[in-house]
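Q: What follows is a protein structure lacking sequence information:
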Ligand code: EPU
């Protein structure tokens, strides 16, 4: 397993360009299942998760080619409607193929994702919505089997909890449903809007994406996705903002969308970080000492759970005590034990982390436990005194494209230690 070796203490300066959003790429790739033909998706980040989704599509019979940020997916001949355990267990977002497969074939078989490092993450809301649309659902051998004979029927669905992939899955399932499907308490995330825009460009009739009520009127057919360009990754943006903020850096973050990161900008400004909008991006200037600040994670447009760990690393070296509350996932504090190894002072009480800022973190060997936890260790290591070795960075490779190259280009001292067999 590869590791990252980071020597902290450098001020990061320069420009960085943000890649396409992982969490927009994955549903868009799944959406290509919906119709026959060749789809083209642009600005696709080169990531392990994108690769895994490509493998899922290949299992179904699709031909997938990736070249320089452009994905060509040919779904003319799909022979299977099965997302196998071997792939779903490595990436639960594979479940995004469920809605499109049921919509195209009238049936689908998807390995039931188990829990993961950050929580139990059930898919009951995806399944109850499909049931409401007339699908029969059974569980056999760890697989969810969904059958609706021919087509789903439009339904009025109220999501009990805001669910991002649940909203995406049902939006895709509903594109061919008879009549109208109304999703209430739908997720507002930009990735949901990107998917709705892409589906509409394929011929779907979806209104209201980006609000809590989405309406989908069933159509008879769709055409393949024609050169849709994926939105920038707002969490990669936030992570580079944290990297600049914690290193007293001065970084211009290019190819990003300010309207997708308003809550992050607002929170960072409260900690003394200077953020200026420039014509081609946002400039993030870290203060001499960060000011402590409280944060509670919530669905978009509030502060995202996917930035909680990186923000905690910043607060670990702030001038006071910060209260961080995670409300989305029940086990998303795995990075805390690793930050403690670097000298952070953090106590967890239920869903709350009390972070007492320390003067200096110290480099240590640490272990990445999930994607955003790994990112927080990178943020912390860049300010820590001495060397940090981060093990198991395959987690990082799931969601950050060439992160060590991007950090090195900003003057950070980071090296990938390749695993030798
Ligand atoms: N939930 C249920 N039942 C469901 C679905 C969700 O109880 O059927 C619960 C979850 O357990 C969780 C909450 O609802 O407590 C919200 O989960 P959601 O379904 O919104 O999460 P997700 O769709 O599985 C996506 C992102 C995550 C991100 C969350 C929250 C993708 C592929 N994944 O997950 O991204 O943290 O939304 O914003 O879009 C990451 O990129 O590191 C990552 C984990």
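A: Okay, I see it. All values reported here derive from a predicted model rather than from experimental measurement.

Q: Quick one: name the residues of this protein near the ligand.
A: 23, 26, 93, 119, 121-126, 161, 163-166, 191, 304-306, 328-329, 371-372, 399 (Cβ under 6 Å from any ligand atom). Bear in mind the C-beta positions are built from the backbone N, C-alpha and C, glycine included.

Q: Which of the residues you listed fall within strands?
A: Taking DSSP state E, every one of the residues of the chain next to the ligand sits outside strands.

Q: which of these count as buried?
A: 23, 26, 93, 121, 123, 125-126, 163-166, 191, 304-306, 328-329, 371-372, 399 (16 or more other Cβ atoms under 10 Å).

Q: Restricted to helices, list these.
A: Members of those lying in helices (criterion: DSSP state H): 23, 26, 125, 126, 164, 165, 166, 191, 371, 372, 399.

Q: farthest pair in the residues you listed?
A: Across those, the longest distance by Cβ to Cβ is 23.3 Å; it joins 125 and 399.

Q: residue contacts, the nearest residue to residue 108 once chain neighbours are set aside?
A: Once flanking residues are discounted, residue 108 sits nearest to residue 101: 3.5 Å by Cβ to Cβ, 6 or more residues apart in numbering. Contact analysis of residue 101 by Cβ atoms under 8 Å, 6 or more residues apart in numbering lists 33, 60, 81, 83, 107, 108, 110.

Q: domain ranges for this protein?
A: Per the record, the chain has its domains at 3-18+232-417, 22-229, by automatic domain parsing.

Q: The shortest one: end-to-end distance?
A: So that's domain 3-18+232-417. 5 Å (Cα to Cα, to the nearest Å).

Q: Give me the distance from that domain to the chain's centre.
A: Offset of domain 3-18+232-417 from its chain centre (Cα atoms, centre = their mean, to the nearest Å): 15 Å.

Q: Excluding chain neighbours, what is closest to residue 327?
A: That would be residue 297: by Cβ to Cβ, 6+ apart, it lies 5.4 Å from residue 327.

Q: quick one, helices of the stretch 251-400 of the chain?
A: 262-270, 308-315, 334-341, 371-383, 394-399 (DSSP state H, counting those that start in this stretch).

Q: List the contacts of the helix or strand just after the last one.
A: Along the chain past helix 394-399, the next helix or strand (assigned with DSSP states H and E) turns out to be helix 403-409. Residues outside helix 403-409 that contact it (Cβ under 8 Å, 6+ apart): 4, 12, 14, 16, 240, 243, 378, 382, 396, 414, 415, 416.

Q: Looking at these, spot the one nearest the ligand.
A: For those, the closest approach to the ligand (Cβ to the nearest ligand atom) belongs to residue 396, at 10.7 Å.

Q: Was I right to think the closest one contacts residue 2?
A: No: with contact defined as Cβ atoms under 8 Å, residue 396 does not count as touching residue 2 (9.0 Å).

Q: For these two, indicate the residue with more neighbours.
A: Using other Cβ atoms under 10 Å as the criterion, residue 396 and residue 2 rank with residue 396 on top: 25 against 15.

Q: Figure out the helix or strand that the residue lying farthest from the centre of the chain lives in.
A: Of all residues in the chain, residue 149 has its C-alpha farthest from the mean position, at 33.0 Å, by Cα atoms, centre = their mean. Assigned by DSSP H and E, residue 149 belongs to neither a helix nor a strand.

Q: Do me a favour and get the backbone dihedrals for it.
A: The phi/psi pair for residue 149 (degrees, to the nearest 10) reads phi 60, psi -90.

Q: go on, residue 83?
A: Torsion angles, degrees, to the nearest 10, at residue 83: phi -100, psi 110.

Q: and what of residue 261?
A: Torsion angles, degrees, to the nearest 10, at residue 261: phi -130, psi 30.

Q: wait, it sits on residue 240?
A: No: Residue 261 is beyond contact range of residue 240, at 10.9 Å (criterion: Cβ under 8 Å).

Q: Just put the domains of the chain in a markdown table and tack on mean pLDDT.
A: Output for those, formatted as a markdown table (pLDDT from 0 to 100):
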| stretch | mean pLDDT |
| --- | --- |
| domain 3-18+232-417 | 97 |
| domain 22-229 | 96 |
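
Q: hang on, the earlier thing: just the closest of the contacts of residue 101 to the ligand, please.
A: Nearest member of the contacts of residue 101 to the ligand, counting by Cβ to the nearest ligand atom, is residue 110, at 13.2 Å.

Q: check contacts around the residue nearest to that closest one when sequence neighbours are not counted.
A: With Cβ to Cβ, 6+ apart as the criterion, residue 110 has its nearest non-adjacent residue at 4.3 Å, and that residue is residue 83. Applying Cβ under 8 Å, 6+ apart to residue 83 gives the contacts 56, 59, 60, 94, 95, 97, 98, 101, 108, 109, 110, 111.

Q: For the fifth one, grab phi and psi.
A: To tie it back to what came earlier, the one meant is residue 95. Here residue 95 shows phi and psi, under degrees, to the nearest 10, equal to phi -60, psi -20.

Q: With the last one instead?
A: Its backbone dihedrals place residue 111 at phi -60, psi 130, with angles given as degrees, to the nearest 10.
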